[in-house]
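S.K.: Got a predicted structure plus its sequence, pasted below:
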Amino acid sequence: MENYSRYVFGVTHIPRLEDWLVMPVERIGFTLMPHGFFNCSPAVDFPPSASDLDDKENGMSAKPIQNGMVALL
């Protein structure tokens, strides 16, 4: 039979530990993070309004940062 094909259902080979070489692995990595992104983000920092500067009844004081913005973190 030249063109004989057989359908095989199921698992024909169960992999074992001996199928792969066991070698020690050392992982190394890094993370890229922009400088000043989290303390100067426009989504979190905004200039103080007049009502925010006058209103101190809630007990939370906004602290100004170097660029004149107010961080509410």
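M.R.: Done, it's in.

S.K.: Distance check, residue 19 against residue 25.
M.R.: 17 Å (CB to CB, to the nearest Å). Placement of C-beta: from N, CA and C, glycine included.

S.K.: The two: which is more packed in?
M.R.: More crowded of residue 19 and residue 25, by other CB atoms under 10 Å: residue 19, with 8 against 5.

S.K.: Do you know the pLDDT at the more buried one?
M.R.: Residue 19 is assigned 71 on the pLDDT scale.

S.K.: how about it, phi and psi?
M.R.: When read as degrees, to the nearest 10, the backbone of residue 19 gives phi -80, psi -20.

S.K.: Ok, residue 17 next?
M.R.: The phi/psi pair for residue 17 (degrees, to the nearest 10) is phi -60, psi -30.

S.K.: What is the neighbour count of it?
M.R.: 6.

S.K.: For residue 26, see how far away it is.
M.R.: 21 Å.

S.K.: now residue 47
M.R.: Residue 47 is 49 Å from residue 26, by CB to CB.
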